[in-house]
Structures are given as C-alpha cells and as structure tokens.
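A.B. asks: structure here, sequence nowhere to be found:
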C-alpha cells in the first residue's frame, strides 16, 4: 500500500517534467537555437567523431585545438548522436532530458518539505520561467551543467549527513564532470570544500582534511588533465590571460535587469530601465538578507548548500570578470544559480505553516499568471529557430548556393560559424579567416548582414576576382593572384 502511494506521488511529480520535455521538443522543432559558441561545441563534437581529436571553430577562426572552453558538452553531444540523425538533434535530446531531469529531481528533493500540489506549482513556475526555459532552447552548456550542479550538491549533503563515503565519491565524479562542461564548475568544487569544512565542524580536523583531499583530488582530475593538455598543445591552460579590468557599469545594469526578469517575469522593455533597476536592486538585497538568515541555521540542511553555492558562484564570477574573463551578467549566466534561490525561497515560504493558505495561493496564482502569460505567448508565436538557426540566417537560397562549393576549395569568410552551420561542416577543414587571405587561388564567402563588402584591399595586393554569385545575403567570389 505504501509502495503504491509512493509510486502514485512520483507519477504526479512527473507531470510537469513531461510537459516541459514536450514543450521543449515542440519549440525547437525547426532547429535548436544556435549562437557562435554553439558551433564551437558542434564542430568539436564532429571533429572528435571523425578523428578522435577535439578541434573546433571559435571566434571566427578555422578549426583549431579546443582550449577556450572545456569539451564536456561536445562529448555529451557525440554520445547522444548515437540515438539521433545529427549532432543538432542530439543536443535537442540532451536538453529535453536535462529539463525533465531538473524538474523531476526538484520534485523528489522538495517532497520532504512540501505537499504534492505545492511541488507541482514549483515545477510549473520553473518550467514557465522564460529566462530558464530559453536556455534549454539553445545549444549551450547550461542545461547539462544545471543538472550536474543539483545532483552534486544533493549527494554532498547526503554525505555530510551519513558519512557514507560512496556519496563523497559520487559527488567528486559529478563535480569533475561539471568542470569538464564549464570552467566555472570550479566554483562548485570550492563550494564543496567550504561546505565539508563547515558542515562537519564536529569532526576532527584531520578527518575533514581527508574528505576534502579525496573530493579535491577526484573532482579536479578532469580540469588538471584538460589544462595540462592545453598547455602542451598551445602553451596556455584555458586560452585566457591575466589582466585587471573591473566590470563597467553596463555589467551591473544588465545584472539588475536580468534579475528583475528572472524573478518577476517582466522585462526592462515592459517596465522601463529605471524601474527594472530598482526592482532588481531590491531583489538582490532581499536575496542577500535571506542568505544571511539561512547561514545562521543548521549547515546540515540541504537548503544551506543550495544558498552557499550561488554565493560562491557569483563571487567567483565577479573575480573572474575582473581578472580573466568578460562574461555578461545576463539570464544565461545567472539562471544556473538563481534556480537554487527559487527552490529555497519557495520551499521556505510555502512550507511555512505560520503563513495563511490564502496568502500562499494568491502568490502562486500571481506568479503563475506572470510567467504563464509570457510563456504561452512564446509558445504560440514560436515558429522559428533562435540565433543563427533563425529564418533570418537559414536562408534557402543562401544554403543552395553554398552547396555548390567544392569541399576541397580554400574558403575565406567573415562568419566561419554561420558558414559551418549552413554547410553542415562540409567545408570545415578548409575554412580560413577573411583577414588572412594569402593563397594564389581561393574563394571568399562574405555575408553582408547589413555590412558593405569592399574587395579593394585584395585587388590592390594583385588579385583578380571573378563573381560567382551575389544575393541580398552574401557574395561569393573567386580570387586568383597575378604572377
């Protein structure tokens, strides 16, 4: 009887995850969303399948050793391509499974604190949050990274409560995988080290050091391997350089507006910049206050590490942006940790017996309407890809003209990522950056995108040109050097 009750409860918890799975498959039916870094992951996956090497197109440059980002997503896509017809559908499948796993795991985690109806409401709020859902519509690292984060934090919490070494080992492997997906996964390792030290404060120091050593050794193994490999190949561990460059005001403005959109469901276009800044600032202050209250309670609670991680993540991000990177503080960057605040705060409010039921229901209704209205409009109007896979870029005439190019021809282009996508990687081995044209004979594929094409530089260097095709979208010319 108990088993049937547990099974029935689990089936209820699977309703929203299944709906999210279907919604994601539906909204990416034309093509999964593509950005320039998506092509880097896809080209690396294809290179790995073809040659066993991880080489990728990055920042407009031709195939080169993949170093700027870790290879985890490319390897996942390569594996999932065994079950699909191409790498892009493999990413769609991976993202659909990831969003299902996210929402279902949230249900399992919170059923200790919430009733089934409240859990389903929380799952629905997460699914309908466009800032979060939009990530899963793109070929990005965040979907798989989010689920790795949740699993690793949950298993680490199980370890500190049971002292069962198997949970520590599982956590370590999950952490190692997360760093192999995103470099910022290092913040997960830092969080874990801090958490072990705090949560096991009653243990002897030597015991805590032992646990930290085990976790640190295993979790950092993938990162150490990858950085050593990169240093051997290109003499730079992560293709980043140290310099002091404090974030400009634009970063903070984007942080405020993105925070407002994630939690309130309204954009700066709807609210106006000033109001969006004010609401964002209030939310961030409220999150800081809430975090301080959580840190005063038992560190053995899962809620503690669910708040500790976003704190460490954001601190790591700010330090990285000051000395190494230039990562924008927008929905893609913030959603992987804001989701933990959502789970924690929802559980705190709706699990609080002191609050009146009518207040809880009113809050749920308001947020479901806010999130649901945007989500529904997006779902109904969604008849296109996103980014480079949108109709504005996937132009049939352009694709047909590119199909005529000889796969052995040296091709210089101003948009290597788009050309890779439109030719399905057929020209990958022969793509070159347009700034480096030097061979005696080659083809230039130039995408306008509102720009003006000037061939004067090449003609002055002693090249004669032959127009192959010209459309509103691109120009293809053959160049031959005079001797």
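C.D. replies: Done, it's in. Predicted model only: the values in this text are computed from it and were never measured.
A.B. asks: where does the stretch 1-150 of the chain have low pLDDT?
C.D. replies: For the stretch 1-150 of the chain, applying pLDDT under 70 flags the ranges 1-6, 60.
A.B. asks: again, only this time at 80
C.D. replies: The stretch 1-150 of the chain contains residues with pLDDT under 80 at 1-10, 59-62.
A.B. asks: which parts of it are strands?
C.D. replies: Ranges of strands in the stretch 1-150 of the chain, per DSSP state E, counting those that start in this stretch, are 55-58, 61-65.
A.B. asks: quickly run through the sheet partners of the last one, with directions.
C.D. replies: By that I understand strand 61-65. Paired strands of strand 61-65, with direction, are strand 55-58 (antiparallel) (DSSP bridges).
A.B. asks: now do the strand it pairs with: distance to the chain's middle.
C.D. replies: From the chain centre to the centre of strand 55-58 is a distance of 18 Å (C-alpha atoms, centre = their mean, to the nearest Å).
A.B. asks: residue 135: which of the strands of the stretch 1-150 of the chain is closest?
C.D. replies: In terms of C-beta to C-beta, the element of these nearest to residue 135 is strand 55-58, at 20.7 Å. Bear in mind the C-beta positions are built from the backbone N, C-alpha and C, glycine included.
A.B. asks: which non-adjacent residue is nearest the residue nearest in space to the middle of the chain?
C.D. replies: Nearest to the geometric centre of the chain sits residue 142, at 2.2 Å (C-alpha atoms, centre = their mean). Nearest non-adjacent residue to residue 142, counting by C-beta to C-beta, 6 or more residues apart in numbering: residue 135, 4.7 Å away.
A.B. asks: that neighbour and residue 147: what is the separation?
C.D. replies: 12 Å (C-beta to C-beta, to the nearest Å).
A.B. asks: please identify which of the two sits among more neighbours.
C.D. replies: residue 135 (24 against 19; other C-beta atoms under 10 Å).
A.B. asks: need the contact list for the more buried one.
C.D. replies: By C-beta atoms under 8 Å, 6 or more residues apart in numbering, the contact list for residue 135 reads 142-143, 146, 331-332, 335.
A.B. asks: so which of these is the most crowded?
C.D. replies: Using other C-beta under 10 Å as the neighbour test, the contacts of residue 135 are led by residue 143, with 28 neighbours.
A.B. asks: correct me if wrong: it contacts residue 101.
C.D. replies: No - using C-beta atoms under 8 Å, residue 143 makes no contact with residue 101, being 9.4 Å away.
A.B. asks: let's have the strands of the stretch 1-150 of the chain in a markdown table, adding mean neighbour count and distance to residue 290.
C.D. replies: Formatted as a markdown table, the strands of the stretch 1-150 of the chain follow (neighbours: other C-beta atoms under 10 Å; distance: least, C-beta to C-beta, whole Å):
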| stretch | mean neighbour count | distance to residue 290 |
| --- | --- | --- |
| strand 55-58 | 24 | 39 |
| strand 61-65 | 19 | 44 |
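A.B. asks: out of those, which is closest to residue 288?
C.D. replies: When these are compared by C-beta to C-beta, strand 55-58 sits nearest residue 288, at 36.4 Å.
A.B. asks: contacts for the closest one, please.
C.D. replies: Counting by C-beta under 8 Å, 6+ apart, 37, 39-41, 43-44, 47, 63-66, 68, 74, 416-417, 420, 428, 431 sit against strand 55-58.
A.B. asks: can you rerun that using 10 Å?
C.D. replies: 36-37, 39-48, 62-69, 71, 74, 239, 416-417, 419-421, 425, 428-429, 431 (C-beta atoms under 10 Å, 6 or more residues apart in numbering).
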